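Participant: Below are the sequence and a predicted model for it; my questions follow.
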Amino acid sequence: MEEWYHYPLLVLVGFVVGFINTLAGGGSLLSLPILIFVGLPSNVANGTNRVAIIVQTALATAGFKSKGVSTAPFNIYLGISAFFGSIIGAYIAVDVSGELFNRILAIVMILVVTVIVLSPKMGKGPMEERLTGKYLWLGVIVFFFFGIYGGFINAGLGFLMILFLHYVNRMSLVRVNATKVAVVFMYMLSALAVFAYNDKVNWGVGLVLALGNGTGAWVASRVSVRKGDGFIKFFLVVMVVAMAVKLWFF
């Protein structure tokens, strides 16, 4: 980075991204363009972004745990599956551009917000969680493929994780987000290792961004527990609409 203002810009954007990613998803759709703006090639920006996400998810997980919210060992099983899937996705991402995914992601976002708006069950009333048996195995299989996409580009995946964990495993939105950040932390370790091995990580820039990401994630994790599912649902719908508009028209 050659300009002094790049540093505070990365910290500010990182805070917003960390907050967004912890409560909903899609934050990488903001951080990746900023990393390219400060001078990183697209594949290096993709790899560098993983540094910030690891710090973000580690602090978010700690934030949820400090409030008594943890879904272990369920989240560990999903995380291990996604960990191996992420290796595949990261190897694809090292050499393949993700530009064509923008409009595909926009369609996915529109479908996601449609489901959220039309469903009367999201965030309403207690639900009996389904974390064992066939639901656990289904989660392990699905999260392997989530890991592949997460290793490739990751942007927008948080929305899909939220829908799956809420509707299939019937977790409250607070526990969904606690599970999500723990799983992302695990599979992001393998993705970062692949990018680093292929010299696609700018560690200095990544750590500056991580300062913002981590702070935003810590704040969001504690706010979400205090505010509850209604706040998360509102924030989730707003972010899905915003991301879909951004991807399709910009």
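Facilitator: Alright, I've got the coordinates. Numbering: from 1, shown residues only.
Participant: Heading C-terminal from the worst-scoring helix or strand of the chain on mean pLDDT, find the next helix or strand.
Facilitator: Sorting the helices and strands of the chain by mean pLDDT, DSSP states H and E puts helix 101-118 at the bottom, at a mean of 61. Using DSSP states H and E, the helix or strand that follows helix 101-118 in sequence is helix 133-152.
Participant: just checking, what packs against the following helix or strand past that following helix?
Facilitator: Next along the chain after helix 133-152, taking DSSP H and E as the criterion, comes helix 157-167. In terms of contacts (3 or more CB pairs under 8 Å, 6 or more residues apart in numbering; DSSP states H and E), helix 157-167 is packed against helix 101-118, helix 133-152, helix 173-197, helix 229-249. For glycine as for every other residue, the C-beta is placed from the backbone atoms N, C-alpha and C.
Participant: any idea how far the spatially most central residue of the chain lies from Ala24?
Facilitator: The geometric centre of the chain, computed from its C-alpha atoms, lies nearest to Gly158 (CA atoms, centre = their mean), at 4.4 Å. Counting by CB to CB, to the nearest Å, the separation of Gly158 from Ala24 is 6 Å.
Participant: Mind putting the helices and strands packed on helix 157-167 into CSV with mean neighbour count and distance to Val219?
Facilitator: As requested, those are arranged in CSV below (neighbours: other CB atoms under 10 Å; distance: least, CB to CB, whole Å):
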stretch, mean neighbour count, distance to Val219
helix 101-118, 16, 23
helix 133-152, 19, 23
helix 173-197, 24, 13
helix 229-249, 18, 13
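Participant: got CSV for these, with distance to Ser31 too?
Facilitator: Written out in CSV, the entries for the helices and strands packed on helix 157-167 read as follows (distance: least, CB to CB, whole Å):
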stretch, distance to Ser31
helix 101-118, 15
helix 133-152, 15
helix 173-197, 13
helix 229-249, 13
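Participant: Among those helices, which comes closest to Arg50?
Facilitator: For the helices and strands packed on helix 157-167, proximity to Arg50 was assessed by CB to CB; helix 173-197 is nearest, at 4.1 Å.
Participant: what's the angle between the closest one and helix 229-249?
Facilitator: Taking axes from the mean of the first three to the mean of the last three CA atoms, to 10 degrees, one finds helix 173-197 and helix 229-249 inclined to each other by 40 degrees.
Participant: Now do the same for the nearest residue to Ile80 once chain neighbours are set aside: its pLDDT.
Facilitator: In space, and not counting its chain neighbours, Ile80 is closest to Met186: 6.9 Å by CB to CB, 6 or more residues apart in numbering. We note a pLDDT of 97 for Met186 in this prediction.
Participant: do Asn75 as well
Facilitator: According to the model, Asn75 scores 96 on pLDDT.
Participant: And for Gly123?
Facilitator: In this model, Gly123 is scored at 50, pLDDT.
Participant: residues contacting Tyr91?
Facilitator: By CB atoms under 8 Å, 6 or more residues apart in numbering, the contact list for Tyr91 reads Gly151, Val194.
Participant: which residues sit in contact with the residue lying closest to Ser66 once chain neighbours are set aside?
Facilitator: Distances taken as CB to CB, 6+ apart put Arg222 closest to Ser66, at 7.3 Å, once the chain neighbours are dropped. Applying CB under 8 Å, 6+ apart, one finds that Arg222 lies in contact with Gly63, Ser66, Lys67.
Participant: Looking at the residues you listed, which is nearest Arg50?
Facilitator: Among the contacts of Arg222, Gly63 lies closest to Arg50 (CB to CB), at 19.9 Å.
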